[in-house]
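# Generate a structure from the sequence data that follows.
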Amino acid sequence: MPFAAEAIGGGYEVAWRIPGADQYSVWTTDADGNMLTNPTGVVSGSSYALQSLEPSFRQDLNGDGTLGVVTTLLESNGAVQLSQLANIYSLGGSSGPFIKLNGTPVTAGQFAIPSGTWVPFAAEPISGGYEVAWKVPGADQYSVWTIDAAGNMLTNPTGVVSGSSSALQSLEPGFHQDLNGDGTIGPAPAAPAGGSAVTSVLAGFIASTFVTSAGNAAGVIIANSGTEPDALAKPAA
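Numbering: from 1, shown residues only. I've put the predicted structure just below:
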């Protein structure tokens, strides 16, 4: 049923909905009321297409308490402000560009997989466009897109990787962020050749032990973490 209408250049716009269902649509008509176009198609109340028309209707069409597009800032650590506008993603606020796949804006929940849903969480400008980092919240899955200046996805240089991937970690300096949350921006420091680093806490002291490939403790570096122990083993020779 129609529930809102306003005059626009040369005619009218009319909003339709199905009462009790989360389904909306908008028509444009000519001055005689003849339907001309259906710019939104059939959409939910979370749709950017619907919310962006609310100011011209002067109404909160979807009843979410906001007149216009609901905007959520996702990240602004660097030179780009990554935001969610209703159900799409923007790299510059309401003016975009919007993140697109095959020329169509990517929508929230579009990339759902068994372990969760992919969401963008970091973006930075690069030559000719942007790079955007994606993750599945709660899962150790990451991916990076490069996109052009208009927001169109171009390449996926990392594929889908874990947070331990060198492909992901090598891109962290460009994002100016610790993407995988390991406390390091960039690749994690490598252990000395032929062995591995083992870190432990001993009665308030932090001991970092280098273990050789033969399994022998080659040395211990101990830093006081604030609590004096009763006794402290001497570093191995």
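# got the domain boundaries for the chain?
Following automatic domain parsing, one gets these domains for the chain: 2-57, 71-175, 190-237.
# pLDDT (mean, whole number) over the second one?
Averaged over domain 71-175, pLDDT sits at 95.
# now the domains of the chain in TSV, with distance to Thr184 and mean neighbour count?
Just so you know, the C-beta spots here come from the backbone N, C-alpha and C atoms, and that holds for glycine as well. Compiled in TSV, the domains of the chain are given as follows (distance: least, Cβ to Cβ, whole Å; neighbours: other Cβ atoms under 10 Å):
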stretch	distance to Thr184	mean neighbour count
domain 2-57	36	15
domain 71-175	8	16
domain 190-237	12	12
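# Go through those and name the closest to Gly65.
domain 2-57 (11.4 Å; Cβ to Cβ).
# Span of the closest one from start to end?
In domain 2-57, first residue to last residue: 13 Å (Cα to Cα, to the nearest Å).
# roughly how far apart are Arg58 and Gly45?
17 Å (Cβ to Cβ, to the nearest Å).
# Output the domains of the chain as TSV; include the columns distance to Gly183.
Output for these, formatted as TSV (distance: least, Cβ to Cβ, whole Å):
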stretch	distance to Gly183
domain 2-57	36
domain 71-175	11
domain 190-237	12
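# which one is Ala150 nearest to, not counting chain neighbours?
Pro97 (5.4 Å; Cβ to Cβ, 6 or more residues apart in numbering).
# and if you look at Leu53?
With Cβ to Cβ, 6+ apart, the residue lying closest to Leu53 is Val26, at 5.9 Å.
# go on, Pro173?
Closest residue in space to Pro173, ignoring its immediate chain neighbours: Gly186 at 5.3 Å, by Cβ to Cβ, 6+ apart.
# so which helix or strand takes in the closest residue in space to Ser170 that isn't next to it in sequence?
Excluding its sequence neighbours, the residue lying closest to Ser170 (Cβ to Cβ, 6+ apart) is Pro187, at 6.1 Å. Using DSSP states H and E, Pro187 falls within no helix or strand.
# can you tell me which residues contact Pro187?
Contact partners of Pro187, counting by Cβ atoms under 8 Å, 6 or more residues apart in numbering, are 166, 169-170.
# Give me the distance between it and Leu168.
10 Å.
# Ser25 now?
From Ser25 to Leu168 the distance is 41 Å (Cβ to Cβ).
# cool, and Ala149?
To Leu168, Ala149 is 24 Å away according to Cβ to Cβ.
# again with Ser115
Using Cβ to Cβ, Ser115 is found at 17 Å from Leu168.
# next one: Gly93
Where Leu168 is concerned, Gly93 sits at a distance of 27 Å (Cβ to Cβ).
# Same question for Pro97.
Relative to Leu168, Pro97 is positioned 24 Å away (Cβ to Cβ).
# residues in contact with the closest residue in space to Asn156 that isn't next to it in sequence?
Spatial nearest neighbour of Asn156, excluding adjacent residues (Cβ to Cβ, 6+ apart): Trp145 at 5.7 Å. By Cβ under 8 Å, 6+ apart, the contact list for Trp145 reads 99, 131-132, 134, 153-156.
# any chance of these in JSON lines, with secondary structure and distance to Ser162 too?
Below are these laid out as JSON lines (DSSP: H, G, I helix; E, B strand; the rest coil; distance: Cβ to Cβ, whole Å):
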{"residue": "Ile99", "secondary structure": "coil", "distance to Ser162": "23"}
{"residue": "Glu131", "secondary structure": "strand", "distance to Ser162": "19"}
{"residue": "Val132", "secondary structure": "strand", "distance to Ser162": "18"}
{"residue": "Trp134", "secondary structure": "strand", "distance to Ser162": "13"}
{"residue": "Met153", "secondary structure": "strand", "distance to Ser162": "22"}
{"residue": "Leu154", "secondary structure": "strand", "distance to Ser162": "23"}
{"residue": "Thr155", "secondary structure": "strand", "distance to Ser162": "20"}
{"residue": "Asn156", "secondary structure": "coil", "distance to Ser162": "16"}
